[in-house]
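1. Structure, please.
(2 chains)
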Number of protein chains: 2
Amino acid sequence: MKTETFSKINKVIHEKGRMAIMSALAANPEMSFRELKESLGMTDGNVSVHIRTLQQAGYVIVSKTFVNNRPHTSYRMTDQGLQAFNEYIDLLEEVVRLNRDNR
Amino acid sequence: MKTETFSKINKVIHEKGRMAIMSALAANPEMSFRELKESLGMTDGNVSVHIRTLQQAGYVIVSKTFVNNRPHTSYRMTDQGLQAFNEYIDLLEEVVRLNRDNR
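-> Numbering: from 1, shown residues only, chains lettered A, B, ... in the order given. So this is what the prediction gives:
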């Protein structure tokens, strides 16, 4: 059992709501609050809380602009976020492989 | 984005300490407290708390016996635990695949 694999798992990304947000932002260069919320089927509160955690970790950048004179908030993954997410996905792959090998 | 994948993730198993314990018990038919603790590099407290959660979920069975007149506690995964763990690993594989496809 390679226990380092488990201890290296990034707790910020591992929570399943944040895992979903990071996956969405890895696939789409920019998403609005509404796009995130609707595509992931989350509540306003859940999106807000998770985005704040991801922003504090330096993984997501929030941009506030105006579209047709109305405020528009959008989210992008930072380079640091993408790197952390790629490492996380590599670890998940290792966990899957470890368990497939054990059967 | 297949958001069902994320919402189906089993929270009991997803916590990384419990994921490590379940992986260890999937690979070894029976483990003692000490074996679990030492192979995973966890504290007594962590192993106890996680095992209790896994036991309450019906995923792990605790057996108390005597070996050389000394009490011996060992842990096994239940059929229900194995099924839940296999489903969990399948979902992780799907998360990895979704993210690989997105690149």
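2. And A:E87, how close does it get to B:L91?
-> Using CB to CB, to the nearest Å, A:E87 is found at 20 Å from B:L91. Bear in mind the C-beta positions are built from the backbone N, C-alpha and C, glycine included.
3. of those two, who's got more company?
-> Higher neighbour count among A:E87 and B:L91: B:L91, with 21 against 14, using other CB atoms under 10 Å in any protein chain shown.
4. is chain A contacted by the helix or strand where that one lies?
-> With secondary structure defined by DSSP states H and E, B:L91 is part of helix B:79-101. Yes. Part of helix B:79-101 sits close enough to chain A to count as contact by CB under 8 Å from any CB of the partner chain, namely B:85, B:89, B:92-93, B:95-96, B:98-100.
5. residues in chain A within reach of chain B, list them.
-> Where chain A comes near chain B, counting by CB under 8 Å from any CB, the residues are A:1, A:3, A:6-7, A:9, A:11, A:14, A:16-17, A:19-20, A:23-24, A:26-27, A:39-41, A:85, A:89, A:92-93, A:95-96, A:98-100, A:102.
6. Now list the buried members of those residues.
-> Of the members of these, the ones counted as buried by neighbours, 16 or more other CB atoms under 10 Å in any protein chain shown, are A:6, A:9, A:14, A:16-17, A:19-20, A:23-24, A:26-27, A:39-40, A:85, A:89, A:92-93, A:95-96, A:98-99.
7. show me where chain A has helices.
-> Taking DSSP state H to define them, one finds helices in chain A at A:3-7, A:11-14, A:16-27, A:33-40, A:44-56, A:79-101.
8. export those helices to CSV and tack on mean pLDDT?
-> Supplementary listing: the helices of chain A in CSV, determined by pLDDT from 0 to 100:
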stretch, mean pLDDT
helix A:3-7, 84
helix A:11-14, 96
helix A:16-27, 95
helix A:33-40, 93
helix A:44-56, 96
helix A:79-101, 94
